[in-house]
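Trainee: Provided below for reference: sequence and predicted model.
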Amino acid sequence: PSEQFDPDPNKKTLVILGTGWGSVSLLKKLDTENYNVVVVSPRNYFLFTPLLPSCTVGTIEHRSIMEPIRNILRHKKANVKYYEAEATKIDYEKRIVYARDDSEIKGDIMTTEIPFDMLVVGVGAENATFGIPGVREHSCFLKEVGDAQKIRKQIMDCVETASFKDQSDEEIKRLLHMVVVGGGPTGVEFAGELQDFFMEDLQKWVPSIKANFHVTLVEALPNVLPMFSKQLIDYTESSFKEEHIQIRTKTMVKNVTDKYIEAETQSPDGSKQIEKIPYGLLVWATGNALRPVVKDLMSQIPAQAKARRGLEVNEYLVVNGAENVWAVGDCAIANYAPTAQVAAQEGAFLARLFNTMAKTDAIEAEMRELSAKQATAKPDDRKAVLEEINERQRQLRRVKQIGAFSYSHQGSLAYIGAEKAVADVSWFSGNIASGGTMTYLFWKSAYLSMCFSTRNRILVIFDWAKAKAFGRDVSRE
Ligand code: FAD
Ligand code: NAD
């Protein structure tokens, strides 16, 4: 097929932004032959984020959890256009997406306009920094493959620099202090993975760092993992203590410099003070913020004036106040947590909705034809045509039965290091809270089964086996 955009004029153009959990789940189940489907995303692959923390220390190699979007699209019945570009602006009135190719190789054309009849916004979220000075300049985030690669490199850089000849004791301590800010699941899982790396490999390969390598998790609230039950929070905190990961709760970072963070801490008597905490590696995991393209779209829609955290959507995931625009995942606010689980279910719901809408359109077109036929039919034939119209009406009622989106929570799972995990899992109508090694095996099998493809699954199994047999690779790329 031609690489030029050549939409079928008889079909509506459906533009999908993003190739993350929401958009890919929609693409997987969408009958693409019903629409001119165009996908725009700067990332030409789907990323299985739950295993990203494992990539920061080499337990898993990043390519094992990536699935090329081209591979996903080539299995669709009808041709889907994919443009590797970032949507820079959505003009809601004109129904145009403006896109820019920001990749390293520059072609003659770097920006373009993509008209749409229907639009799905699935661009996810940015990293929240709350405007705290120095965060963007000095810390690593943990959202994309590039972030995990940067962290992996910096861990080894800290270790090698700390081992440099004549380094002072104080500087060695600083360089080997690994600070993680944010006690949500991202921060907790990364801290666990990092301590595993140290305990299982680093301290054997570089014994000189043994006394000074420390992982600290900093959290502003009184406890970590607020979305888990109290029992699992306590389990995680005591398990971290055993693993020698320090948790600093009620510690809010206010400023970041290249060598230390400044945090407001609270004494037992309630008094507050600012403490300087030196670090070698700083990983910032304080949750989500709006992307500029989403903020701009919200500013064009009066009904979104009060929205703060994302595009407010109704029960069919239609962006409130906007016709033919839907939003899924972390950029949509539908009263659920911003998780992969929610985004995937929302994407699958939209696929069902769009497949249904296409069927409805087809039946309605048939009904219009039959009505015209009935008007001109001979009296003897009229009864048969009427019966056919009634049959279409029955079909239409059945097809239109698609209810509103309802989220089914399967549970929360997080790896906490030392081959332990915590799980709050829905079981029939109840809830099971468990933590420990059995839960870790459950975590492993659950995430393995959720991997995008058999290829991903096999690669992850190989990576786990490789890390167990030979240890993680400590070379700095
Ligand atoms: P994303 O998956 O982030 O995808 C957004 C897509 O939009 C990307 O393809 C991006 O390249 C693209 N994009 C960005 N800007 C633009 C633009 N301007 N124009 C076009 N495209 C754009 N959730 C769980 O339920 N379980 C877990 O175990 C879990 N673990 C996680 C671990 C980590 C380290 C992280 C960071 C998150 C984890 N999450 C987990 C949360 C989960 O990853 C997110 O909730 C989920 O990715 C949201 O899906 P999404 O489709 O909204 O966004
Ligand atoms: P989060 O929003 O869950 O947690 C961020 C934490 O950072 C909060 O506890 C907050 O109090 C703390 N914080 C904010 N500012 C701070 C500051 N200045 N100083 C110290 N602490 C500060 O963020 P996340 O962990 O990145 O997760 C984002 C989303 O992705 C969540 O919805 C989460 O459920 C999901 N996720 C799920 C999993 C999993 O299920 N295993 C893993 C990762 C992410």
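Mentor: Arrived safely. Ligands and ions are numbered 1, 2, ... in the order given.
Trainee: what about the one helix or strand residue 155 maps to, average pLDDT?
Mentor: Per DSSP states H and E, residue 155 falls inside helix 145-162. Mean pLDDT, helix 145-162: 98.
Trainee: helices and strands around it, which ones?
Mentor: helix 52-55, helix 169-175, helix 185-197, strand 281-284 (3 or more C-beta pairs under 8 Å, 6 or more residues apart in numbering; DSSP states H and E). (Each C-beta comes from the backbone N, C-alpha and C, glycine too.)
Trainee: again, only using 10 Å
Mentor: Applying 3 or more C-beta pairs under 10 Å, 6 or more residues apart in numbering; DSSP states H and E, one finds that helix 145-162 contacts strand 45-47, helix 52-55, helix 169-175, strand 177-181, helix 185-197, strand 281-284.
Trainee: the fifth one near ligand 2 at all?
Mentor: Read it as helix 185-197. Yes - using C-beta under 6 Å from any ligand atom, helix 185-197 reaches ligand 2 at 185-187, 189.
Trainee: tabulate those residues (CSV), appending distance to residue 74, neighbour count and pLDDT.
Mentor: Below are these laid out as CSV (distance: C-beta to C-beta, whole Å; neighbours: other C-beta atoms under 10 Å; pLDDT from 0 to 100):
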residue, distance to residue 74, neighbour count, pLDDT
185, 34, 23, 98
186, 32, 23, 98
187, 37, 25, 98
189, 33, 25, 98
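Trainee: from these, pick the one nearest residue 283.
Mentor: Checking the residues of helix 185-197 next to ligand 2 against residue 283 with C-beta to C-beta, the nearest one is residue 187 at 7.4 Å.
Trainee: need the longest helix for this structure.
Mentor: Across the chain, the longest stretch assigned as helix under DSSP state H is helix 340-376.
Trainee: mind listing what's buried in the next helix-or-strand element following that helix?
Mentor: Remark: after helix 340-376, the chain's next helix or strand is helix 379-399, criterion DSSP H and E. Buried residues in helix 379-399, counting neighbours by 16 or more other C-beta atoms under 10 Å, are found at 385, 388-389, 392, 395-396, 399.
Trainee: again with stretch 314-328
Mentor: Neighbour-count burial for stretch 314-328 flags 317-322, 325-328 (criterion: 16+ other C-beta under 10 Å).
Trainee: ok so, going back, just the buried residues of helix 379-399 now: which is nearest ligand 1?
Mentor: The shortest approach to ligand 1 among these belongs to residue 399, at 27.2 Å (C-beta to the nearest ligand atom).
Trainee: residues making contact with the helix or strand harbouring residue 203?
Mentor: Residue 203 belongs to helix 203-205 when assigned by DSSP H and E. With contact meaning C-beta atoms under 10 Å, 6 or more residues apart in numbering, helix 203-205 is reached by 159, 197-198, 209-211, 213, 471-474.
Trainee: change it to 7 Å
Mentor: Outside helix 203-205, the residues that touch it by C-beta atoms under 7 Å, 6 or more residues apart in numbering are 209-210, 474.
Trainee: kindly report the residues of the chain close to ligand 2.
Mentor: So far as C-beta under 6 Å from any ligand atom goes, the chain lies against ligand 2 at 50, 130, 132, 181-187, 189, 218-221, 226-227, 252-253, 285-288, 337-339, 412-414.
Trainee: mark which of those residues are buried, thanks.
Mentor: Applying 16+ other C-beta under 10 Å to the residues of the chain next to ligand 2 flags 50, 132, 181-187, 189, 218-220, 252-253, 285-286, 288, 338-339, 412-414 as buried.
Trainee: the helices in this protein, which residues?
Mentor: Remark: helices assigned in the chain by DSSP H are 21-29, 52-55, 69-74, 135-138, 145-162, 169-175, 185-197, 203-205, 230-242, 292-300, 340-376, 379-399, 437-450, 454-470.
Trainee: between which two of the buried residues of stretch 314-328 is the distance greatest?
Mentor: Between any two of those, the greatest separation by C-beta to C-beta is 17.2 Å, found for 321 and 328.
Trainee: not counting residues beside it along the chain, what's closest to residue 371?
Mentor: residue 389 (6.7 Å; C-beta to C-beta, 6 or more residues apart in numbering).
Trainee: show me where pLDDT drops low in this structure?
Mentor: 1-4, 428-429 (pLDDT under 70).
Trainee: now stretch 30-50, how far from the centre of its chain.
Mentor: The chain centroid and the centroid of stretch 30-50 are separated by 14 Å, computed with C-alpha atoms, centre = their mean, to the nearest Å.
Trainee: OK, contacts around the residue of the stretch 351-477 of the chain found nearest ligand 2?
Mentor: As assessed by C-beta to the nearest ligand atom, ligand 2 sits closest to residue 414 within the stretch 351-477 of the chain, at 4.1 Å. With contacts defined as C-beta under 7 Å, 6+ apart, residue 414 is in contact with 185, 188-189, 225, 421-422.
Trainee: which of the contacts of helix 203-205 are buried, as a PyMOL select command?
Mentor: This is how PyMOL selects the buried members of these, with burial counted by 16+ other C-beta under 10 Å:
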select buried, resi 209+474
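Trainee: could the contacts of helix 203-205 go into TSV alongside distance to ligand 1?
Mentor: Converted to TSV, the contacts of helix 203-205 look like this (distance: C-beta to the nearest ligand atom, whole Å):
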residue	distance to ligand 1
209	26
210	28
474	22
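Trainee: on that earlier part again, for residue 374, see how far away the residue nearest to residue 371 is.
Mentor: Counting by C-beta to C-beta, to the nearest Å, the gap between residue 389 and residue 374 amounts to 7 Å.
Trainee: and the buried residues of stretch 314-328, which is closest to ligand 2?
Mentor: Distances from ligand 2 to those, taken by C-beta to the nearest ligand atom, are shortest for residue 328, at 14.7 Å.
Trainee: burial of residue 332, as a residue count?
Mentor: Neighbourhood size, residue 332 [other C-beta atoms under 10 Å]: 25.
Trainee: no, scratch that, I was asking about residue 329
Mentor: For residue 329, the neighbour count with other C-beta under 10 Å is 28.
Trainee: bridging residues for residue 14?
Mentor: residue 37, residue 118 (DSSP bridges).
Trainee: ignoring the adjacent residues along the chain, who's closest to residue 160?
Mentor: Nearest to residue 160 is residue 476, by C-beta to C-beta, 6+ apart, at 6.7 Å.
Trainee: do I have it right that that neighbour meets residue 158?
Mentor: No - look at residue 476 against residue 158 with C-beta atoms under 7 Å: they stay out of range, at 10.1 Å.
Trainee: report the closest residue of the stretch 251-400 of the chain relative to ligand 1.
Mentor: residue 329 (2.0 Å).
Trainee: re the thing from before, just the buried positions in the longest helix of the chain, please.
Mentor: For helix 340-376, the neighbour count (16+ other C-beta under 10 Å) marks 340-351, 353-355, 357-359, 363, 366-367, 370, 374 as buried.
Trainee: any idea what residue 265 is bridged to?
Mentor: residue 251, residue 273.
Trainee: doesn't residue 277 make contact with it?
Mentor: No - using C-beta under 7 Å, residue 265 is not in contact with residue 277; the gap is 9.4 Å.
Trainee: comparing the two, which residue is more hemmed in?
Mentor: Between residue 265 and residue 277, residue 277 has the larger neighbour count (other C-beta under 10 Å), namely 19 against 16.
Trainee: looking at the stretch 101-250 of the chain, what residue ends up closest to ligand 2?
Mentor: For the stretch 101-250 of the chain, C-beta to the nearest ligand atom, closest residue to ligand 2: residue 184, 2.2 Å.
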